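In: Got a predicted structure here, sequence first:
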Amino acid sequence: MSEWPTVRLESLGAAEKRAFSMGPFGSALTARDYVDDGVPLVRGVNLGRSLFYDGGFVYITDRKADEFPGANLSAGDLVLAHRGTIGQVSMIPKDSKHPRYVLSSSLVRARLNPSIALPEFYYYWLRSPAGQREILQHVSTVGVPGLVQPVTTVKSFRVPHPSLDEQQAIAQMLGVLDGKIAVNERIAATVDELCEALFVQLVKPVTAQGELKLGDVASVNTHQAKPSSDGSLRYVDISSVGVGFYEWPALTTWDEAPGRARRKARVGDVIWSTVRPNRRSHALVMDDDPHLVFSTGLAVLSPVQVGPAFLYEAARTAAFQTYLESVAEGSAYPAVRAEKFKEAPIPCVPDETRVRFESTAMHLRQRAHSAAVESRALAALRDTLLPQLMSGKIRVRDAEKTVEEAV
């Protein structure tokens with residue numbers, strides 16, 4: 001890397017007025033503008049998983065999106081968080097699901113000139129230790145942590161500028177790993193769709209026999225976490241739970257754990273965030289890891305009279321979410337008390353059909369989980385190779401052998 005010249009990121013920008021721009025803020029775009037379908041709004045949750053999490057969106061109309069030309073995103077655009085989780089970086093992929101997206105207020109767009117700067121390379125560089133240092137050195141800790149004058153700051157980033165051939169070789173190598181991770185994420189999405197479709201068929205009026213309460217078929221917050229014999233844990237906080245997943249936490253020690261690290265969940269349990277239920281932060285726990293510990297801000301739903309696949313589908317229906325929103329207390333930080341989860345509506349279906357559903361759905365869930373575990377290993381390999389490739393400690397041809405063995 002010492003052989004590469006260093007330039008301002010601004011010098012690599014596309015030849016257009018708003019190559020570097022910020023999302024709309026204040027009253028320009030509020031929750032009142034959200035619609036059921038339209039142009040997806042990219043938020044922090046879309047930046048946290050691999051290259052780009054192409055789901056979990058809220059939408060605005062095309063007309064509303066047209067009001068913010070500088071905030072519109074297309075394939076190849078880099079997206080950086082300027083407040084909240086500073087250091088998050090993503091890129092709209094070339095095979096994105098939507099033709100355009102719109103930035104939320106906490107994000108900055110960087111559109112590069114592809115004739116001199118490959119966006120994939122700079123996505124990886126900004127995520128490398130050197131790139132993260134460049135970003136984080138500009139963070140202001142006065143008030144809410146963030147980048148002061150976000151657009152100006154992002155333009156000022158000092159970045160390496162290798163030849164296009166070098167950019168391409170490194171990006172392609174790391175992209176092989178991200179490509180396999182993307183395949184695994186599509187497997188998970190397909191499983192979600194299949195299980196939901198099977199569940200809808202299961203609870204059709206002709207099949208269903210009314211409603212039960214969740215407390216009739218499951219328990220809530222049954223198990224409490226205790227320090228493991230080796231003093232280690234993997235802590236899952238509310239912020240690491242998305243719609244149908246949780247970020248795999250690093251191993252840490254109980255001495256470093258926050259006071260909220262008290263919940264225990266077992267394989268087949270469902271976790272649901274007790275705060276802001278409109279965000280639908282929930283997941284099915286499939287990891288049999290004794291070190292996993294969950295925040296007390298998460299309700300742990302343990303199946304008793306039904307199977308885990310049935311409970312999970314029931315707990316991610318629109319009716320379930322609507323109920324949680326209706327019983328949430330507080331305006332600025334709405335939260336659902338644990339006992340209220342027990343009153344949530346659960347469809348009642350005949351045992352025979354429910355058992356058949358459970359067998360099929362759990363097989364699919366196991367397949368999705370196997371893909372997720374593989375993705376964790378691939379992501380760990382990518383994150384190991386990334387700084388070495390960027391610093392020149394390892395050559396592309398040497399890394400190729402390692403990647404070929406992994407995929």
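Out: Here it is on my side, so go on. The structure displayed is predicted, hence computed values, not measured ones. Residues are numbered from 1 along each chain as shown.
In: Do a quick rundown of the helices in the chain.
Out: For the chain, the helices defined by DSSP state H cover 62-66, 119-127, 129-136, 150-156, 164-202, 214-217, 308-314, 318-327, 338-341, 351-391, 396-406.
In: lowest-confidence stretch among the ones you listed?
Out: Here the lowest mean pLDDT among the helices of the chain goes to helix 396-406, at a mean of 85.
In: can you state the direction angle for that helix and helix 351-391?
Out: 170 degrees (axes from the mean of the first three to the mean of the last three Cα atoms, to 10 degrees).
In: Report the buried residues of helix 396-406.
Out: The neighbour-count check on helix 396-406 (16 or more other Cβ atoms under 10 Å) flags V396, A399, V403, A406 as buried. C-beta here means a position set from N, CA and C on the backbone, and glycine is covered the same way.
In: so where's the stretch 1-150 of the chain shaky on pLDDT?
Out: 1-2, 48-49 (pLDDT under 70).
In: Which of the buried residues of helix 396-406 sits closest to A283?
Out: Proximity of the buried residues of helix 396-406 to A283 was ranked by Cβ to Cβ; the top entry is A406 with 25.6 Å.
In: Might one say that that closest one is in contact with L381?
Out: Yes: judged on Cβ atoms under 8 Å, A406 makes contact with L381 at a distance of 5.4 Å.
In: Common neighbours of these two, please.
Out: L177 (Cβ atoms under 8 Å, 6 or more residues apart in numbering).
In: Which residue ranges of the stretch 201-350 of the chain form strands?
Out: Per DSSP state E, counting those that start in this stretch, the stretch 201-350 of the chain carries strands over the ranges 211-213, 218-220, 232-236, 251-253, 261-263, 270-273, 282-284, 292-295, 298-303, 345-347.
In: Would you format the ones you listed as JSON lines with distance to S50 and mean neighbour count included?
Out: Output for those, formatted as JSON lines (distance: least, Cβ to Cβ, whole Å; neighbours: other Cβ atoms under 10 Å):
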{"stretch": "strand 211-213", "distance to S50": "38", "mean neighbour count": "15"}
{"stretch": "strand 218-220", "distance to S50": "32", "mean neighbour count": "20"}
{"stretch": "strand 232-236", "distance to S50": "18", "mean neighbour count": "20"}
{"stretch": "strand 251-253", "distance to S50": "21", "mean neighbour count": "13"}
{"stretch": "strand 261-263", "distance to S50": "26", "mean neighbour count": "19"}
{"stretch": "strand 270-273", "distance to S50": "21", "mean neighbour count": "23"}
{"stretch": "strand 282-284", "distance to S50": "17", "mean neighbour count": "25"}
{"stretch": "strand 292-295", "distance to S50": "21", "mean neighbour count": "24"}
{"stretch": "strand 298-303", "distance to S50": "23", "mean neighbour count": "24"}
{"stretch": "strand 345-347", "distance to S50": "33", "mean neighbour count": "20"}
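In: and of the ones you listed, who's closest to K17?
Out: Among those, strand 270-273 comes nearest to K17, with 40.3 Å by Cβ to Cβ.
In: Remind me what that closest one packs against, helices and strands.
Out: strand 282-284, strand 298-303, helix 308-314 (3 or more Cβ pairs under 8 Å, 6 or more residues apart in numbering; DSSP states H and E).
In: Try it again at 6 Å.
Out: Judged by 3 or more Cβ pairs under 6 Å, 6 or more residues apart in numbering; DSSP states H and E, strand 270-273 is in contact with strand 282-284, strand 298-303.
In: Pull the residues that contact the longest one.
Out: When contacts are defined by Cβ atoms under 6 Å, 6 or more residues apart in numbering, strand 298-303 is touched by residues 218-222, 263, 265, 268-274, 311, 338, 341.
In: Likewise for stretch 394-404?
Out: Around stretch 394-404, the neighbours that count as contacts under Cβ under 6 Å, 6+ apart are A169, M173, V176, L385, Q388.
In: Any idea how many residues pack against T152?
Out: 12 (other Cβ atoms under 10 Å).
In: should've said R280
Out: Burial of R280, expressed as a neighbour count using other Cβ under 10 Å, amounts to 19.
In: these two touch, right, it and V243?
Out: Yes: between R280 and V243 there is a contact at 4.9 Å, judged by Cβ atoms under 6 Å.
In: In contact with A361: list those residues for me.
Out: C195, A309.
In: Now do it against L73, distance only.
Out: Applying Cβ to Cβ, to the nearest Å, the value for A361 to L73 is 35 Å.
In: quick revisit: compare the helices of the chain and give me the one nearest P290.
Out: Minimum separation from P290 across these (Cβ to Cβ) falls at helix 351-391, 16.1 Å.
In: and that closest one, how far out from the chain's middle?
Out: With Cα atoms, centre = their mean, to the nearest Å as the basis, helix 351-391 stands 14 Å off its chain's centre.
In: what's the angle between it and strand 298-303?
Out: 140 degrees.
In: Now do helix 351-391 against helix 119-127, angle only.
Out: For helix 351-391 against helix 119-127, the angle between stretch directions is 90 degrees (the same axes, to 10 degrees).
In: Show residues contacting stretch 70-80.
Out: For stretch 70-80, the external contacting residues (Cβ under 6 Å, 6+ apart) are 18, 21, 23-24, 89-92, 94, 96, 100-103, 107-111, 119, 123.
In: Before I go, just wanted to say thanks for your time.
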